[in-house]
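S.K.: Give me a model of this one.
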Amino acid sequence: MGHVLPPAFYDRNVVEVAIELLGKLLVSRTREGLAAGRIVEVEAYLSRRDKACHASRGRTPGNAAMFGDPGTAYVYPIHSRCCFNAVTQPEGEPSAVLVRAIEPCRGESLMKRRRGAVPEMDLARGPGRLCEALGIGRDRNKHNLTSGRGLWIEQNPGMRLSEAIYCSPRIGVTRAQDRYLRFFLLGNRYVSGPRRPPRKRRVKYQFPTRGVE
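M.R.: Numbers count the residues shown, from 1 in each chain. From the prediction side, this is the model:
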């Protein structure tokens, strides 16, 4: 196991956390085995003035995880699959980062058994596929991602600091469609949506040179 991201990593502005999650490793361990991938695409959902955020209308039994401690997993169902989010900011401020896609790097054979006969690049390209490939179900909702057990995110020693990060509007939202809160590794073939930035707005980031210890 690598260095598991601590609560302090998540206890910050959701946009900062979203950007710095790119390149980190999302790891899932179940009875079937271990599977992991490098995070290549995320979306930020804000605690305030973000109508696309599930918590924008207040706390409900379904979104209660978003109001929990930073580093809590928020897993919600969509059709026959689930979507995985990492909760950020202090307890009571319901913001989260949706992990949209990973680049598989461990347990690819297990992912293939779960996903069936699909191209390798489609194993975990999209939030629903990602959860199916990693075996993330509703039972992981409210899971402590900082515990290093079952489901966690860790530092990636092989992270390429030279890769560019771009942002675009989020995918599939019906509200707040004009907010540039989707972040992705430029040109990475495992990204689920457009892999190039919109022509009208090119916002570029670079990986931070240091992680949060």
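
S.K.: give me the element the spatially most central residue of the chain is part of.
M.R.: For the chain, the residue sitting closest to the mean C-alpha position, by Cα atoms, centre = their mean, is residue 99 at 1.9 Å. Here residue 99 sits within strand 95-106, counting by DSSP states H and E.

S.K.: now residue 170
M.R.: Applying DSSP H and E, one finds residue 170 in no helix or strand.

S.K.: next one: residue 109
M.R.: Assigned by DSSP H and E, residue 109 belongs to helix 108-115.

S.K.: Need the per-residue pLDDT for the closest residue to residue 53 other than its chain neighbours.
M.R.: What sits nearest to residue 53 in space, not counting adjacent residues and going by Cβ to Cβ, 6 or more residues apart in numbering, is residue 45, at 4.2 Å. Quick note: C-beta positions are derived from backbone N, CA and C, even for glycine. Residue 45 carries a pLDDT value of 95.

S.K.: cool, and residue 194?
M.R.: pLDDT at residue 194 comes out at 70.

S.K.: and it, how far is that from residue 35?
M.R.: 26 Å (Cβ to Cβ, to the nearest Å).

S.K.: These two: who's more crowded?
M.R.: residue 35 (26 against 13; other Cβ atoms under 10 Å).

S.K.: ok, and the closest non-adjacent residue to the more buried one?
M.R.: Using Cβ to Cβ, 6+ apart, the nearest residue to residue 35 is residue 107, at 3.2 Å.

S.K.: Tell me how many other residues crowd that neighbour.
M.R.: Residue 107: 23 neighbours (other Cβ under 10 Å).

S.K.: contacting residues for it?
M.R.: By Cβ atoms under 8 Å, 6 or more residues apart in numbering, residue 107 lies in contact with 33, 34, 35, 36.

S.K.: ok, those vs residue 139, which is closest?
M.R.: residue 35 (16.1 Å; Cβ to Cβ).

S.K.: by contact count, what packs against the helix or strand harbouring residue 40?
M.R.: Using DSSP H and E, residue 40 sits in strand 33-45. Other helices and strands packing on strand 33-45, by 3 or more Cβ pairs under 8 Å, 6 or more residues apart in numbering; DSSP states H and E, are helix 14-21, strand 25-30, strand 95-106, helix 108-115, helix 127-134, strand 182-185.

S.K.: Distance from the chain centre to the fifth one, please.
M.R.: Computed by Cα atoms, centre = their mean, to the nearest Å, the separation of helix 127-134 from the middle of its chain amounts to 11 Å.

S.K.: who touches that helix?
M.R.: 26, 28, 35-37, 75, 78-79, 81-84, 98-102, 104, 111, 114-115, 122-124, 136-137, 151, 192.

S.K.: before we move on, back to that, wait, isn't the residue nearest to residue 53 in contact with residue 93?
M.R.: No: with contacts defined as Cβ atoms under 8 Å, residue 45 does not count as touching residue 93, sitting 11.6 Å away.

S.K.: Comparing these two, which shows the higher neighbour count?
M.R.: Each of residue 45 and residue 93 has its neighbours counted (other Cβ under 10 Å); residue 45 has more, 27 against 17.
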